[in-house]
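Colleague: Turn this into a structure:
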Amino acid sequence: MSTRARILEAAAELLAESPIADVSTRAVCEAAGVGAPALYRQFGDKEGLLSAVVDHGFEKYLAGKRAAVPSSDPVRDLRDGWDSHVAFALENPSYYRLMYSPTVSGTPAAAVEAHRLLLEVLERCAAAGRLSVSPEVAAQMVMSANTGVALVLITRRDLYGRDVSTRVRDAIHAAILVPTGEAASHDGGSASALGVRLRRTPPEELTAAETGVLREWLTRLTD
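Modeller: So this is what the prediction gives:
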């Protein structure tokens, strides 16, 4: 393991154990077995170290998401994505708590990418007529619930069983998905599907402004 990786791992573990979400650079150096100059050479200062820890956690998370191969069933991919999110949190509790800590300022670029990858799966669901709300609203619902479940499972294991993830997942999916066999006749699913098609292949007969207005109407109808 490289010096940088040892420092990041040590900082993540110490921060996760800290009741005030803070840690000294001296403690990090001792835990990583390096001198202070090595830490400052790698990260500049304490703030740079904390930002790097969060970025490193998201990169570990995204590695699995990027490697996922889409199947022919976007709803199954959505379900698998939820489960892999929770699995990552349980396998990397220190990093996960930091990634979603209220002490983290701003939104890391990797978090934006994670949201975009989820949105892509939901747009595939919409294109198949399976989404009853807009992909944007669905992404907000899924990500907030998925994150909440993951956090309680790693911070309150004595109160929540692992099956709570499956129950919440199925409840959220029931709220945003059109049941199998009803997609063709569901107004929300049809509007959401048309909205995605308009974004992917805008009709040549309409101006960009007209297409934008139509997409806005479809989003309002869907949501």
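Colleague: ok, so what distance separates Arg169 from Ser51?
Modeller: Counting by CB to CB, to the nearest Å, the gap from Arg169 to Ser51 is 31 Å. Bear in mind the C-beta positions are built from the backbone N, C-alpha and C, glycine included.
Colleague: where exactly do the helices run in the protein?
Modeller: Using DSSP state H, the helices of the chain run over 3-17, 25-32, 36-43, 46-67, 74-91, 93-99, 109-127, 135-155, 163-176, 187-200, 208-222.
Colleague: Return the most buried member of those.
Modeller: Here the criterion is mean neighbour count by mean count of other CB atoms under 10 Å, and of the helices of the chain the winner is helix 93-99, at a mean of 23.
Colleague: Summarise which helices and strands it is packed against.
Modeller: When contacts are defined as 3 or more CB pairs under 8 Å, 6 or more residues apart in numbering; DSSP states H and E, helix 93-99 sits against helix 3-17, helix 46-67, helix 135-155.
Colleague: Give me the contacts around the longest one.
Modeller: Think helix 46-67. With CB atoms under 8 Å, 6 or more residues apart in numbering as the contact definition, helix 46-67 has outside contacts at 7-8, 11-12, 15, 25, 28, 39, 42-43, 81, 84-85, 88, 92, 95-96, 98-99, 101, 104, 108, 110-111, 113-114, 117.
Colleague: Can you lay out the helices of the chain as JSON lines showing mean pLDDT?
Modeller: JSON lines is the format used below for the helices of the chain (pLDDT from 0 to 100):
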{"stretch": "helix 3-17", "mean pLDDT": "86"}
{"stretch": "helix 25-32", "mean pLDDT": "92"}
{"stretch": "helix 36-43", "mean pLDDT": "92"}
{"stretch": "helix 46-67", "mean pLDDT": "85"}
{"stretch": "helix 74-91", "mean pLDDT": "94"}
{"stretch": "helix 93-99", "mean pLDDT": "82"}
{"stretch": "helix 109-127", "mean pLDDT": "91"}
{"stretch": "helix 135-155", "mean pLDDT": "94"}
{"stretch": "helix 163-176", "mean pLDDT": "96"}
{"stretch": "helix 187-200", "mean pLDDT": "61"}
{"stretch": "helix 208-222", "mean pLDDT": "64"}
